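> compute the structure for the input listed below.
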Amino acid sequence: MVVAVPDTHPFNDQQAVQWHDLKHEPLLLPSRGPGPEFNKLLRSKGGVSDSLRLLRHDVSLDRLLTLVSLGWGLLLALEGAIGSAQSGVSFREVHDLDGPMRFTFRAYWRQANSNPSLSPFLKMLRERYPDLSADQSPF
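Here you go, the predicted structure:
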C-alpha cells in the first residue's frame, strides 16, 4: 500500500509513512475500484478508522491525484498507482507495526475454462508476485 502526497507535504521528506500518522490527514478514497478493500482495511485497524477523515470521490485515479496535487488530501492506493504520474505528487510506502502494509489477493480459475489467456496471465503473476508463503530456505 502506498500513499500519494503533495510534493509540499512533510511526508514527502520521509521514505515511508507510518499508519498511525495518517489519522491526522484527510484521506481521499475512490468510490469504486479498491475502495471496498480499503474500507475493510480501515475497519481492521480498529480505533484508528474511527478518527480518520475519509473523503470519497466517484472519479478516476488521475482525478484523485489531481486533488492530491491541489492539497485536498492524501490518497491511499495500491502499489500499481505509482505508474500514474502526476505533477506535484509523490508516493510513499505505508507501514504499520509489522512493516510495509500489504494486501493479499487470490485468483481462481475454473478448470473447464480453456481461455488461452490463462497461461500468460499466470506466468506474469508468478514473475511479479512470487509466492512468499512457500519459503524454500532450509533452517
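> poorly predicted segments of the protein, please.
Within the chain, the stretches with pLDDT under 70 are 33-39, 42-43, 45-51, 103-107, 132-139.
> and the strands in it, which stretches?
With DSSP state E as the criterion, the chain has strands at 2-6, 16-18, 26-30, 53-57, 74-77, 89-96, 99-100.
> name the residues of the third one that are buried.
Yep, that's strand 26-30 we're talking about. 27, 28, 29, 30 (16 or more other C-beta atoms under 10 Å). For every residue, glycine as well, the C-beta is placed using N, CA and C.
> list the strands paired with that strand, with their directions.
strand 53-57 (parallel), strand 74-77 (parallel) (DSSP bridges).
> check the shortest one too.
Within its sheet, strand 99-100 is paired with strand 89-96 (antiparallel), according to DSSP bridges.
> CA atoms of the partner strand as PDB?
The C-alpha trace of strand 89-96 is given here as PDB (Å, rounded to 0.1, in the frame of the first residue of the first chain):
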ATOM      1  CA  VAL A  89       2.600  14.300  -6.300                       C
ATOM      2  CA  SER A  90       4.900  11.700  -4.800                       C
ATOM      3  CA  PHE A  91       4.200   8.200  -3.500                       C
ATOM      4  CA  ARG A  92       5.400   6.800  -0.100                       C
ATOM      5  CA  GLU A  93       5.000   3.300   1.300                       C
ATOM      6  CA  VAL A  94       2.700   2.900   4.200                       C
ATOM      7  CA  HIS A  95       4.000   1.000   7.200                       C
ATOM      8  CA  ASP A  96       2.300  -0.400  10.300                       C
END
